[in-house]
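>>> sequence below, structure please.
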Amino acid sequence: KKDELEPFGDSLGFLVEPFYDHMGKFPLAPRVNHLCICTIEKADRIITSLLEEGRPGEVGLVVVDELHFLGENSRGCVLEMLLTKLRIFC
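Predicted coordinates:
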């Protein structure tokens, strides 16, 4: 995915970073436009990190393509927590 989105991100001045497996650096560098490609769990970690640092205003857009996980016992609760944090704080 990173290779596919990198030209798009570059044209808009975004740093395209993968956050899955063992990839991705925390916390995100301040004052850098990021396009983060991540799992639900890493997305939750990114948002939690930004909230803890007092940087919720840096979230501009979140695209979730795994809504079918809502209501599931494993990843569904993480997705619900992530969406709740986004709705309340960002």
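>>> for the longest helix along the chain, output the C-alpha coordinates as CSV.
Counting by DSSP state H, the longest helix found in the chain is helix 75-89. C-alpha atoms of helix 75-89 as CSV (Å, rounded to 0.1, in the frame of the first residue of the first chain):
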residue,chain,number,x,y,z
ARG,A,75,-10.6,-6.5,16.8
GLY,A,76,-14.1,-5.0,17.0
CYS,A,77,-13.7,-3.5,20.5
VAL,A,78,-10.4,-1.8,19.4
LEU,A,79,-12.1,-0.3,16.4
GLU,A,80,-15.0,0.9,18.6
MET,A,81,-12.6,2.5,21.0
LEU,A,82,-10.7,4.1,18.2
LEU,A,83,-13.9,5.5,16.6
THR,A,84,-15.1,6.8,20.0
LYS,A,85,-11.8,8.6,20.6
LEU,A,86,-12.0,10.2,17.2
ARG,A,87,-15.6,11.3,17.6
ILE,A,88,-15.0,12.8,21.1
PHE,A,89,-11.5,14.3,20.9
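>>> quick one: buried residues of it?
G76, V78, L79, L82, L83, K85, L86 (16 or more other CB atoms under 10 Å). (Glycine included, C-beta is placed from N, CA and C.)
>>> with stretch 3-21 instead?
Judged by neighbour count (16+ other CB under 10 Å), stretch 3-21 contains these buried residues: E6, G9, F14, V16, E17, P18, F19.
>>> who touches that stretch?
With contacts defined as CB atoms under 8 Å, 6 or more residues apart in numbering, stretch 3-21 is touched by 1-2, 23-25, 32-39, 42-43, 45-46.
>>> now list the buried members of those residues.
The buried subset of the contacts of stretch 3-21 - by 16+ other CB under 10 Å - is G24, H34, L35, C36, I37, C38, T39, K42, A43, R45, I46.
>>> now the two most distant members of those residues.
By the measure CB to CB, L35 and R45 form the most distant pair in the buried ones among the contacts of stretch 3-21, at 16.6 Å.
>>> surely P27 meets T48?
No. In this structure P27 lies outside contact range of T48 using CB atoms under 8 Å: 10.0 Å.
>>> what's the following helix or strand after the helix or strand harbouring G9?
Using DSSP states H and E, G9 maps to helix 2-12. Using DSSP H and E, the next helix or strand after helix 2-12 towards the C-terminus is strand 15-19.
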